[in-house]
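*Asks:* Sharing a sequence plus its predicted fold:
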Amino acid sequence: MSALLGSAHLGPTLAVTALAGLLTVPAGLDGPRAALVVAAVLTGQLTIGWSNDLVDVRRDRAVGRTDKPLATGELSERLVRGCCAAALVATAALSLALGPAAGLLHLLLVAAGWAYNLGLKATALSWLPYAVAFGALPGVVWLAGPDSPPAWGVAAGALLGVGAHLANVLPDLGDDAATGVRGLPHRLGPRLLPVAAVAVLVAASAVIALGAPGLPGWALAVGAVLVVALAGLALVRRGRDSFRAAVGIALVDVALLVVAG
């Protein structure tokens, strides 16, 4: 079971699901509605994680990825395909249960993740699925309730997605180069990439600070300190630590949204 969950990219999957759950607070969703949003997002993220490993299995074997259960043979491709298909059916059902607008937008979010896995990751447009998916996430949550999503929330989400993408690729630059993957982060290179990731993430924080209504001064001050500290960590560290710092900034920003709401 642990290998199967690991193949679904459990850390990012739970992080995105947690973001969706936290966003239900400022969106004003009640308990059952919030649970439905979380369930839809969780199953959607599982399909994205599993499909990513299925698409990359041969590339991961070629570079000797010991952290990938499919590449090492710990998991069978048939099992992961079956789980991915089941999660995809659940995603469609749960998404449509949210209502037409929220449901279709969430399916677009999931489709963006699949588009990345199926080829956009190796192009200069590798950032686009992240911008679409993270920008759509606040829209899904708000449209599942009585209100329309705030424009600044969608903009901040898109920026957070691009920043997370840039940081997430850092530990895989060498392996990707060996197998011909050249997305936007690879074109920026190891020197410019951390700087670009931090710049985009700080821009997302600034959008929230300037756009979120009713944000108390103390929350803004604490958030600014945390964002600066995490941004510094993302600049001085490498590999998975940079991605964890990016997720940390995203969680700080969502906390600010909750306080403002």
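*Replies:* Thanks, I have it. Numbering: from 1, shown residues only.

*Asks:* Distance from the chain centre to the helix or strand Leu4 falls within, please.
*Replies:* Counting by DSSP states H and E, the element that carries Leu4 is helix 2-7. Helix 2-7 has its average C-alpha position 18 Å from the chain's average C-alpha position, going by Cα atoms, centre = their mean, to the nearest Å.

*Asks:* Same question for stretch 190-205.
*Replies:* Using Cα atoms, centre = their mean, the distance from the centre of stretch 190-205 to the centre of the chain it belongs to is 16 Å.

*Asks:* can you map out the helices along the stretch 1-150 of the chain?
*Replies:* Listed in chain order, the helices found in the stretch 1-150 of the chain under DSSP state H, counting those that start in this stretch are 2-7, 10-23, 31-62, 69-72, 77-97, 100-117, 127-143.

*Asks:* Show the average pLDDT along the helix holding Leu4.
*Replies:* Regarding helix 2-7, the rounded mean pLDDT is 86.

*Asks:* can you check stretch 76-83 too?
*Replies:* Over the span of stretch 76-83, the pLDDT mean works out to 93.

*Asks:* ok so, going back, mind listing residues that contact the helix holding Leu4?
*Replies:* When contacts are defined by Cβ atoms under 8 Å, 6 or more residues apart in numbering, helix 2-7 is touched by residues 49-50, 53, 67-70, 74-75, 79-80, 83. For glycine as for every other residue, the C-beta is placed from the backbone atoms N, C-alpha and C.

*Asks:* count of neighbours near Gly11?
*Replies:* Neighbouring residues of Gly11 were enumerated by other Cβ atoms under 10 Å; the total is 14.

*Asks:* how does this protein divide into domains?
*Replies:* As recorded under automatic domain parsing, the domains making up the chain are 1-123, 150-261.

*Asks:* I'd like those domains as JSON lines, with distance to Leu137 appended.
*Replies:* Conversion of the domains of the chain to JSON lines gives the following (distance: least, Cβ to Cβ, whole Å):
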{"stretch": "domain 1-123", "distance to Leu137": "6"}
{"stretch": "domain 150-261", "distance to Leu137": "5"}
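
*Asks:* hang on, the earlier thing: give me whichever of the helices of the stretch 1-150 of the chain is most buried.
*Replies:* Looking across the helices of the stretch 1-150 of the chain with neighbours counted as mean count of other Cβ atoms under 10 Å, the highest average goes to helix 127-143: a mean of 24.

*Asks:* list the helices and strands that helix packs on?
*Replies:* Secondary-structure packing of helix 127-143 (3 or more Cβ pairs under 8 Å, 6 or more residues apart in numbering; DSSP states H and E): helix 10-23, helix 31-62, helix 100-117, helix 151-168.

*Asks:* If you compare the directions of that helix and helix 31-62, what angle comes out?
*Replies:* 160 degrees (axes from the mean of the first three to the mean of the last three Cα atoms, to 10 degrees).

*Asks:* Start at 220, not 1
*Replies:* Sure thing, new numbering starts at 220, so read that last one as helix 346-362.

*Asks:* Can you name the next helix or strand after the lowest-mean-pLDDT helix or strand in the chain?
*Replies:* Ranking every helix and strand in the chain by mean pLDDT, DSSP states H and E puts helix 392-397 at the bottom, with a mean of 65. The helix or strand immediately downstream of helix 392-397 is helix 403-430, counting by DSSP H and E.

*Asks:* Could you list the buried residues of that following helix?
*Replies:* Residues 403-405, 407, 412-413, 415-417, 419-421, 423-424, 426-428, 430 are the ones in helix 403-430 that count as buried (16 or more other Cβ atoms under 10 Å).
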